[in-house]
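**Student:** Got a predicted structure plus its sequence, pasted below:
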Amino acid sequence: ELQFTSAVEVLFRMYPDVRKAVGASEKIFEYMDRSPRIAATGNLVPEIFKGHVTFQNVTFAYPSRPDTPVLKDVSFQLRPGEVTALVGPSAAGKSTCVWLLERFYQPQAGKILLDGKSIWEYEQKYFHSKVALVSQEPVLFGRSVRENISYGLGDLPLDDVITAAKYASAHGFITGLKDGYQTDAGEKGGQLSVGQKQRVAIARALLRDPQILILDDATSALDTETEHLVQTAVYNSSQHRTVLVIAHRLSTAEQADRILVLEGGQITEEGTHQELLEKGGSYSRMVQKQLQGFQKDSTSDEEGQEKHV
Ligand code: ATP
């Protein structure tokens, strides 16, 4: 039951227009709204929210594979004003940490706290206004680029939308589109490339000004240079925010205030880029490996990525 609810919610969160598209299936929503997981959320709406995240001995297995824990006794903190990068090999459990932080699932053991209170105590709308996730494959809906950026925030002045787009290095390509900010972002075939959609999604997240911002491989389709630009801008606009970045390209982690290394569902190293290089552990080996990969075939890692337009 829990699993079904989560899947539906994941769908809606990732595809905001699905809710409309399947509006006829009222039963699903009735089901969702009555589901135990939704009911389990509290009604905490504190006036002051700093965005301090604590994973406390979190152990988690997906409902479909209850005997295979993906996270094992994971503890870490994400602090306001800090950018934390979560790195590690494929299937280490990085995205799983994000799903848990987004309340898609509940850990079997341990706790996730926000400002010292269980993540489940916060009221649903409040929670989503404070925590924003940008994932790797953002889906835009069939409205203008402007509406896609200001989605859910009502009629905002165009200037605000433009400011957010500039931070996300999206303003340049948007003004080059047929109808600029009025261009339909959802036209068949998709006028926008993945890299452009990613930047629109980042602009959308920044405009909401969330206290906690999670970027799950959110800049993967950008070339290294553009990725660097976007990240620097996001970090500069996040002085008071708690930022969690999940990155396959380790160059993305270099700028972070702190790096957490997750391997086989456990945190194995923690420190700055420099500290971890000096330590000579798995992070430094991963960096070495990625550098060698670049030298061997400098095009392979850039494949499918786009130049800044
Ligand atoms: P990547 O870098 O490849 O994205 P990751 O570190 O983000 O990997 P996760 O996506 O968190 O890893 O996956 C961790 C493990 O959990 C993997 O073994 C994966 O197969 C498994 N897993 C992920 N999602 C589910 C799911 N919905 N149901 C069952 N198992 C899952």
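**Tutor:** Noted; the coordinates are in hand. Note that the coordinates shown come from a computational prediction; the quantities given were computed from them, not determined experimentally.
**Student:** Next one, pLDDT for the residue nearest to Gly42 when sequence neighbours are not counted please.
**Tutor:** Spatial nearest neighbour of Gly42, excluding adjacent residues (CB to CB, 6 or more residues apart in numbering): Glu121 at 3.9 Å. Using the backbone N, CA and C atoms, a C-beta is placed for each residue, glycine as well. On the pLDDT scale, Glu121 is placed at 95.
**Student:** How about Gln295?
**Tutor:** 62.
**Student:** and if you look at Val309?
**Tutor:** In this model, Val309 carries a pLDDT of 48.
**Student:** do the same with Leu2
**Tutor:** For Leu2, pLDDT reads 41.
**Student:** do the same with Pro138
**Tutor:** So, for Pro138, pLDDT stands at 84.
**Student:** can you tell me which residues contact the residue nearest to it when sequence neighbours are not counted?
**Tutor:** Spatial nearest neighbour of Pro138, chain neighbours left out: Ala201 (3.4 Å); criterion: CB to CB, 6+ apart. Ala201 is in contact with 134-135, 138, 140, 218, counting by CB atoms under 8 Å, 6 or more residues apart in numbering.
**Student:** which of these sit farthest apart?
**Tutor:** Within the contacts of Ala201, Leu140 and Ala218 form the most distant pair, 13.9 Å apart (CB to CB).
**Student:** neighbour-wise, which of the two wins?
**Tutor:** Each of Leu140 and Ala218 has its neighbours counted (other CB atoms under 10 Å); Ala218 has more, 29 against 25.
**Student:** which residue sits closest to Leu114, ignoring its sequence neighbours?
**Tutor:** Nearest one to Leu114, counting by CB to CB, 6+ apart, is Val53 at 6.1 Å.
**Student:** which phi and psi does the one you found have?
**Tutor:** phi -110, psi 130 (degrees, to the nearest 10).
**Student:** burial measure for it, as a count.
**Tutor:** 22.
**Student:** Next up, the contacts around it.
**Tutor:** By CB under 8 Å, 6+ apart, the neighbours of Val53 are 77-78, 101, 112-114, 212, 242, 244.
**Student:** Near the ligand, which residues of this protein? Just list them.
**Tutor:** 62, 64-65, 70, 88, 90-96 (CB under 6 Å from any ligand atom).
**Student:** quick one: which two of those residues are the most distant?
**Tutor:** Ser64 and Gly88 (22.1 Å).
**Student:** residue ranges of the helices in this structure, please?
**Tutor:** 2-14, 18-21, 26-34, 36-39, 94-101, 124-130, 145-149, 158-167, 171-175, 194-208, 224-236, 251-254, 273-279, 282-296 (DSSP state H).
**Student:** re the thing from before, would you turn the contacts of Ala201 into JSON lines with distance to Arg208?
**Tutor:** Compiled in JSON lines, the contacts of Ala201 are given as follows (distance: CB to CB, whole Å):
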{"residue": "Val134", "distance to Arg208": "11"}
{"residue": "Ser135", "distance to Arg208": "15"}
{"residue": "Pro138", "distance to Arg208": "14"}
{"residue": "Leu140", "distance to Arg208": "16"}
{"residue": "Ala218", "distance to Arg208": "14"}
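**Student:** with those in mind, which one is nearest to the ligand?
**Tutor:** Ser135 (10.6 Å; CB to the nearest ligand atom).
**Student:** per-residue confidence for the closest one?
**Tutor:** So, for Ser135, pLDDT stands at 86.
**Student:** In contact with it, which residues?
**Tutor:** Ser135 touches 14, 201, 216-218, counting by CB under 8 Å, 6+ apart.
**Student:** pLDDT-wise, what's the bottom of those?
**Tutor:** Per-residue pLDDT puts Met14 lowest of these, at 52.
**Student:** sorry, back to before: buried ones only from the contacts of Val53, please, as a PyMOL command.
**Tutor:** Buried members of these, defined by 16 or more other CB atoms under 10 Å, are picked up in PyMOL with:
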select buried, resi 77+78+101+112+114+212+242+244
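**Student:** Show me the contacts of Val53 that map onto strands.
**Tutor:** 77-78, 112-114, 212, 242, 244 (DSSP state E).
**Student:** Please identify which pair of those residues lies farthest apart.
**Tutor:** Leu113 and Leu244 (14.7 Å).
**Student:** ok so, going back, only whichever of the residues of the chain next to the ligand are buried, select them in ChimeraX.
**Tutor:** Those of the residues of the chain next to the ligand that count as buried under 16+ other CB under 10 Å are selected in ChimeraX with:
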select :70,88,92,93,94,95,96
